[in-house]
Each structure stands twice: as C-alpha cells, then as structure tokens.
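Q: the following block contains a protein sequence and its predicted model.
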Amino acid sequence: MSARENSVRTSEEESAKPVWVSIGARLATVRGSRTQGDMAALMGVAKNTYGRFERGLREIGAECLAVLVKEGWNGNWLLTGEGPERLDSGPIQRQNNDLPQSQVVRHASVKIAAQLLQEALDDANATLAPAQFGEALVLLAQLLEKGLPEAEVRPFARQTVGMITTGAPNGATASTGR
C-alpha cells in the first residue's frame with residue numbers, strides 16, 4: 001500500500017458517514033466535468049478510492065486534500081463547507097503581516113494603473129481614502145493584466161473615481177476632496 005493510500009482511512013463497516021458524505025458532495029463540485037478517474041490520477045489514488053471519497057465511504061487524507069489546495073481550492077470549505085470555495089475568490093485575511101503576499105499583477109500594470117487613477121483624481125479634484133485608493137488601483141491593474149488597452153482603462157478610471165466619490169452608479173457629479 002502506498003504512503004498516500006495510508007493517509008486515507010476507511011470506515012470499518014464501509015458505510016457512509018454524514019460528515020464524509022458532505023465532503024464528498026463538495027468533491028463532486030470540485031471535480032466538475034472531469035471524470036472520477038481524472039481526479040483519482042490528480043490525487044494519486046485509485047479510481048475506486050476516489051469514488052469512495054465522493055460517496056462518503058472513505059475519509060479524504062491530508063495528502064489528497066493538499067493536492068486540491070495546491071489547485072486553488074479552500075481546504076476549510078472542502079472539509080466544513082464554510083468560507084469561499086476557492087482561495088482566489090476573494091480577499092484572504094492575513095494572520096501574520098510579516099509574511100509576503102503573492103504578487104497578483106505585474107509591477108508595470110500597477111504603475112500604469114496608479115498613473116491613470118491619479119489622473120482621474122486630479123481631473124475630478126478629488127481624493128480617496130487609502131482603502132478606496134487601493135481597491136480602485138487593484139481593479140484598474142487587473143483590467144490592464146487582462147489585456148485591456150490603457151486607452152480603454154482611462155475612462156473606466158474616471159468613472160470609478162466618480163462612483164467612489166459620489167456613490168452614484170454613473171459617477172456624474174464627483175464631489176471634491178480638496
């Protein structure tokens with residue numbers, strides 16, 4: 001028996017356990033359109049073993065769970081159903097501010113986004129709170145990362161500043177912050 005299969009426990013009577021059934025349902029969500037064989041290969045277990053995970057007949061081990069976490073799935077959600085399904089689906093609260101955060105966008109995109117945002121703020125004669133500035137900056141940088149040309153991001157920056165400073169969906173009348 002391999003080390004990975006040793007990390008997985010089987011119930012003595014091979015009957016489904018409610019907690020394992022819940023985890024199995026979430027595993028089926030993770031699997032999506034892939035086959036059980038594909039998932040088994042990804043986790044390094046037999047297809048029958050993976051099938052038992054989904055049916056709640058077998059407890060998923062830490063090594064198999066680690067594979068899914070490396071694929072971007074939230075281990076807490078997989079085990080408990082709480083929190084976002086994916087690790088990349090929203091902000092993750094950092095527990096230790098000494099740890100570096102992963103880089104989501106390239107430096108060049110952030111630099112251009114900062115210039116566009118500052119131009120929009122200057123044009124509107126407005127300022128943003130640091131948290132709002134950061135959120136707008138990340139949004140603009142992500143648009144640039146997705147390949148949207150700078151010329152198309154510029155009007156979006158202006159509209160974003162208008163929306164934030166007025167709270168209006170169209171940003172028609174931006175309030176001044178200076």
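A: Received it, and whenever you're ready, just let me know what you need. Bear in mind the structure is a predicted one, so any value in this text is a computation, not a measurement. Numbering: from 1, shown residues only.
Q: list the buried residues of stretch 27-38.
A: 27, 30, 31, 36 (16 or more other C-beta atoms under 10 Å). (Glycine included, C-beta is placed from N, CA and C.)
Q: and these, which two are the farthest apart?
A: 30 and 36 (11.5 Å; C-beta to C-beta).
Q: could the buried residues of stretch 27-38 go into a markdown table alongside pLDDT, distance to residue 51 and secondary structure?
A: Listed next are the buried residues of stretch 27-38 as a markdown table, based on pLDDT from 0 to 100; distance: C-beta to C-beta, whole Å; DSSP: H, G, I helix; E, B strand; the rest coil:
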| residue | pLDDT | distance to residue 51 | secondary structure |
| --- | --- | --- | --- |
| 27 | 94 | 10 | helix |
| 30 | 92 | 14 | helix |
| 31 | 92 | 11 | helix |
| 36 | 95 | 5 | helix |
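Q: CSV for those, including distance to residue 74?
A: CSV is the format used below for the buried residues of stretch 27-38 (distance: C-beta to C-beta, whole Å):
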residue, distance to residue 74
27, 13
30, 10
31, 16
36, 21
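Q: what about the strands in this protein?
A: In the chain, no strands are defined using DSSP state E.
Q: where does the prediction get shaky in it?
A: For the chain, applying pLDDT under 70 flags the ranges 1-14, 89-105, 167-178.
Q: how is it divided into domains?
A: 3-80, 107-166 (automatic domain parsing).
Q: of the ones you listed, which is nearest residue 86?
A: domain 3-80 (5.3 Å).
Q: isn't residue 83 up against residue 74?
A: Yes - using C-beta atoms under 8 Å, residue 83 is in contact with residue 74, at 5.5 Å.
Q: neighbour count for the two, which is higher?
A: Set side by side, residue 83 and residue 74 show more neighbours around residue 74, with 21 against 15, by other C-beta atoms under 10 Å.
Q: isn't the more buried one up against residue 88?
A: No - shown here, residue 74 and residue 88 do not form a contact pair, counting by C-beta under 8 Å, at 9.3 Å.
Q: show me what contacts residue 53?
A: 20, 23, 24, 27, 60, 64 (C-beta atoms under 8 Å, 6 or more residues apart in numbering).
Q: these, buried ones only, as a ChimeraX selection?
A: Of these, the buried ones can be selected in ChimeraX as follows, counting by 16+ other C-beta under 10 Å:
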select :20,23,24,27,60,64
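Q: sweet, I'm off.
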